[in-house]
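Asks: Quick one, fold the following:
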Amino acid sequence: MDAIRKKMKSLKDETDGLYAVINKFEDATKESNALADQADCDIRDFGKKVHGFEIEFDETLDKLNKANESFEEKDKMHKEVEGDIAALTRRIMLMEEESKKAEITLANTVTKLAISSKQADDVLKKVKVVESKCMNNEVTLEELDKNLRQTSKMASDNEQKLD
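Replies: Numbering: from 1, shown residues only. As a prediction, the model looks like this:
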């Protein structure tokens, strides 16, 4: 009977050990399930975060595309404006050259006009001198004519006296 008791005790000890192992495994299973549940929650949270990041990424990508389009439009406008500025600069340079030519022509014309004016003044002085001589000659002619008449009258008087 002792052997049966020993056997029973050993079976009970073995059963208790197995219950302890079962409890350990059940506890480990509960912990693993809790960890799995937590991992599932974390995965779900990370999935939500990833989805949020994907949405933000898409929005940011859209904004980037719009900014690139805007930049390309502005760059195109900038190049057009630069072309206009270059054309206007060339036009200004041509106008400046034309202005210089016109100034030179104007200066030459003014110089010629001044020379012509001086020549005209000289001619007017000569005309005044000639007019003055002419008036003096007219006065002298009138005096000579008067003297001629007087002399003729005297000669006529003298002839009459002689006769």
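
Asks: For the rest of this, base every contact and every neighbour count on C-alpha atoms.
Replies: OK.

Asks: For A34, pull up the helix or strand it's in.
Replies: Secondary structure assignment for A34, by DSSP states H and E: helix 2-162.

Asks: Distance from the chain centre to that helix, please.
Replies: In terms of Cα atoms, centre = their mean, to the nearest Å, the centre of helix 2-162 is set 0 Å apart from its chain centre.

Asks: Give the rounded mean pLDDT of that helix.
Replies: For helix 2-162, the mean per-residue pLDDT is 94.

Asks: Mind giving me the packing neighbours of it?
Replies: Applying 3 or more Cα pairs under 8 Å, 6 or more residues apart in numbering; DSSP states H and E, one finds that helix 2-162 makes contact with no other helix or strand.

Asks: Can you dump the C-alpha atoms of stretch 57-65 in CSV for me?
Replies: As requested, the backbone C-alpha atoms of stretch 57-65 are provided in CSV (Å, rounded to 0.1, in the frame of the first residue of the first chain):
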residue,chain,number,x,y,z
PHE,A,57,2.2,63.3,-48.2
ASP,A,58,-0.4,63.5,-50.9
GLU,A,59,-1.5,67.0,-49.9
THR,A,60,2.1,68.1,-49.7
LEU,A,61,2.8,66.5,-53.1
ASP,A,62,-0.2,68.3,-54.6
LYS,A,63,1.0,71.6,-53.0
LEU,A,64,4.5,70.9,-54.5
ASN,A,65,3.0,70.3,-57.9
